[in-house]
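Visitor: One predicted model, sequence on top.
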Amino acid sequence: MNMLTVGELRKSFGVIAAVNGVSFAVEKGESFGLLGPNGAGKSTIINMITGLFPPTSGAVHMKDIDVIKNTKQAQKLIGVVPQEIALYQSMSARENLKFWGRMYDLSGSTLEKSVDEVLEIIGLTERAKDKVETFSGGMKRRVNIGAAILHRPELLIMDEPTVGIDPQSRNHILETVKRLNSEGMTIIYTSHYMEEVEYLCERIGIIDHGELIALGTLHELRETIGDHSKIVLSLDNKTSNHEIIPQTLTGHFLEKDIQLNDNQLIIFHKDPQFILSDLIQSVTSTGTKVTSVDIIEPNLESVFLHLTGRSLRD
Amino acid sequence: MRKTWTIIRLQLKGFFKSPGSIVLMFVLPVLFSLIFGGMVANSEENKPLVNIVAKQDENSTRIVELLKKNNHFEWKKVSFAQAKKNVAEQDAIAAVVIPTKIQQRMIDKSPLFDIIVQRKTEDYLALYPHLQGTAELIAASYQAVGIQGEELFPKLLEAVASNQGIKVEQQLLQADDSTQTSINLMIVGFAIMFMMFGLSGAASTILDERIGGTWGRLMVSPASKLQISLGYLLSYFLMGWIQFAVLMAVMNILFDTTWGNLAYLIPFASLVILTVVGFGLMIAGLVKTKQQASAISAVLIVSTCMLGGVYWPIDFVPELMQKLALAVPQSWVMSGFKEIISGSLHVETLLKDTLALLGFSCLFFFIGLRGIKFE
């Protein structure tokens, strides 16, 4: 059963098409990742799903609820962790959680119980009475998540929830998301950190320039680049005949799997360990010295690079 | 309604936790009222001195009595030389010389009084209409008895001087209350000005919330736009009323201020506060950052308060400015409060002020709500 169905979603701001015909579905209990560089359109998609603004065209359904027509009904089932730390800084963590709980129709002992549980989940029970402005960036991010899960939403949408925090807090957040997902909460997680998406998400959609350019499990996405590893040879810059190297290698590798960038030779291959010695021999036979060798296993970064010709962090 | 009330509580809590808001909304208006209200009261005790130079004859005595009917000034009979000296040294704002042959002057239709004045100060400008009016009254009395009845003239003057005529009586009544009304209006004026600063500052927190993300988070919560808007607007309205009520109470204690008929005051003050909330909302809707809102508010509030008669009575300014003042809400606010506080309630005037303020409120809310992005 689909928890969320997005069909041909488009959003234009004037002449700029921020989102251009995106379609995907998220199953109940699934952990779905939206990966893409900054400005790709991830947040715009999220904002349309959460009903913050209407799409120019297209449809969004949460279970059988039309989100565009019955926004408030759908919003009761959704928890949103915005990219910003959307909290009242001069209020304590508990006060913030109580305020946001009331906004989701919680009250009385149910609210108190829920706030206590959430403080436990985000690991801030001891600091509950402290003002948010006194918290570290990571702690604020945790409260930011807490405010979205008070009402136990069926769908939790997290928009870059780990931006600018320390590794320890990031780990805590990732573990929290894992735990919520394992308890049955459907998660949509957007990030430009591929490691997070790889770690958390069963299926991943890659967004670039407002379009969904790939969709599938991590394995399926790797398959799109032939599950090739990346071999990076750093070349001695004192030798000047690098240009002839690709010609030398064309007999052994496909032309599309060879890239020469300044003093780096990049080769994509399924079994790097078997061809590495031959590769180095071929390169050195041109009179070029190899100063270092790196083998990078295929990941979302290489998928993105393969699909767009750009790095995720460009 | 529960969500609206939650937002109201949040906003009021934030407001009362902020020392800046407390100072702006309560301390400064009280302080300003104490300083300037004290000055007004003091200035009433030190009335401007006007010297009179007159003989001891019967006509002069009656004319002096007529002049002294105006108790905005301190009248002192002195010699001609002393009067000149006093005016030269600016101890007296002017000296009125009543000529011996006043009847001859009336026959010649020449000026009735000789005025010695060094500078045409504001006080002198206020004195002049009284002198003019008195002269016209004397001339009219003389014409009434005619040349044949010259011997009746002093008796007529005596009768006029002792007459508690409608015109003079009205002035006296106003004179008794006018200082208190001036102080009350000044307090109201300062309260309105600081309320405008306070509430436009509060309304511009929406801009901060938009940048900070809490506004967006509210928008994706199940709370409706109506509940959210009501929460914010009612909280500003309550802030305004709390300020007004506190100032009313404090000023009642400090100045023994009376606020007129509460049945009129409460609805009118509510409308004024609503207009101020609308003004704050309009500013928040027109700009993008709180800094811009502060800068624009400061310029708009100070200039419109000047124009609208918040700092000084609007009757003092030239006619053109009085007409321009109709374009700012403060002039209608002050006019309405004057009607209520002075006790001389003209329902028609108050109704006009009320309708004008309603118009301003609608305009401000329309612009404000259009500008506030519910996204």
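Guide: That came through fine.
Visitor: any idea how far B:T121 is from B:Y128?
Guide: 11 Å (Cβ to Cβ, to the nearest Å). (C-beta placed from N, C-alpha, C; glycine too.)
Visitor: Phi, psi for A:I295 please.
Guide: Backbone geometry at A:I295, expressed as degrees, to the nearest 10, gives phi -120, psi 120.
Visitor: again, but for A:E154
Guide: phi -80, psi -30.
Visitor: Just the element for A:F304, please.
Guide: Take DSSP states H and E as the rule and A:F304 turns out to sit in helix A:300-308.
Visitor: next one: that helix to chain centre, how far?
Guide: Distance, stretch centre to chain centre, for helix A:300-308: 14 Å (Cα atoms, centre = their mean, to the nearest Å).
Visitor: buried residues in that helix?
Guide: The neighbour-count check on helix A:300-308 (16 or more other Cβ atoms under 10 Å in any protein chain shown) flags A:300-306, A:308 as buried.
Visitor: and residue 249, how many neighbours does it have?
Guide: This is for chain A. 21 (other Cβ atoms under 10 Å in any protein chain shown).
Visitor: um, chain B though
Guide: Neighbours of B:A249 under the rule other Cβ under 10 Å: 11.
Visitor: swap in A:C201?
Guide: Neighbour count for A:C201, taken as other Cβ under 10 Å: 24.
Visitor: B:I314 too?
Guide: Count around B:I314 with other Cβ under 10 Å applied: 18.
Visitor: and A:V19, what is it in contact with?
Guide: For A:V19, the contacting residues are A:9-11, A:41, A:44-45, A:48, A:55, A:210, by Cβ atoms under 8 Å, 6 or more residues apart in numbering or on different chains.
Visitor: of all the residues in chain B, which ones are close to chain A?
Guide: Neighbours of chain A within chain B, by Cβ under 8 Å from any Cβ of the partner chain: B:2-3, B:6, B:10, B:13-14, B:17, B:212-214, B:216-224, B:375.
Visitor: Which residue is the nearest non-sequential neighbour of B:A83?
Guide: Sequence neighbours aside, B:A95 is the residue nearest to B:A83 in space, at 3.6 Å (criterion: Cβ to Cβ, 6 or more residues apart in numbering or on different chains).
Visitor: For the one you found, what are phi and psi?
Guide: Dihedral angles for B:A95 - degrees, to the nearest 10 - are phi -130, psi 140.
Visitor: My understanding was that it contacts B:V50; is that so?
Guide: Yes. Between B:A95 and B:V50 there is a contact under Cβ atoms under 8 Å: 7.2 Å.
Visitor: Report pLDDT for whichever residue of chain B sits closest to chain A.
Guide: Going by Cβ to the nearest Cβ, chain A is nearest to B:G213 of chain B, at 3.1 Å. Note on B:G213: pLDDT of 90.
Visitor: Measure how buried it is and give me the count.
Guide: Neighbour count for B:G213, taken as other Cβ under 10 Å: 16.
Visitor: Could you do A:G226 as well?
Guide: By the criterion of other Cβ under 10 Å, A:G226 has 13 neighbours.
Visitor: Wait, a strand at it?
Guide: No. A:G226: not assigned to a strand; according to DSSP: H, G, I helix; E, B strand; the rest coil it is coil.
Visitor: Tell me the spacing between it and chain B.
Guide: 41 Å (Cβ to the nearest Cβ, to the nearest Å).
Visitor: ok, now which ones touch that residue?
Guide: Shown in contact with A:G226 (Cβ under 8 Å, 6+ apart): A:268, A:270.
Visitor: Any regions of the stretch 1-150 of chain B where pLDDT drops low?
Guide: Along the stretch 1-150 of chain B, the parts satisfying pLDDT under 70 run over B:37-46, B:146-150.
Visitor: Okay, strands next: where are they in it?
Guide: Counting by DSSP state E, counting those that start in this stretch, the stretch 1-150 of chain B has strands at residues B:49-53, B:74-77, B:94-97, B:114-116.
Visitor: With mean neighbour count added, can I get these in JSON lines?
Guide: Supplementary listing: the strands of the stretch 1-150 of chain B in JSON lines, determined by neighbours: other Cβ atoms under 10 Å in any protein chain shown:
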{"stretch": "strand B:49-53", "mean neighbour count": "23"}
{"stretch": "strand B:74-77", "mean neighbour count": "16"}
{"stretch": "strand B:94-97", "mean neighbour count": "23"}
{"stretch": "strand B:114-116", "mean neighbour count": "15"}
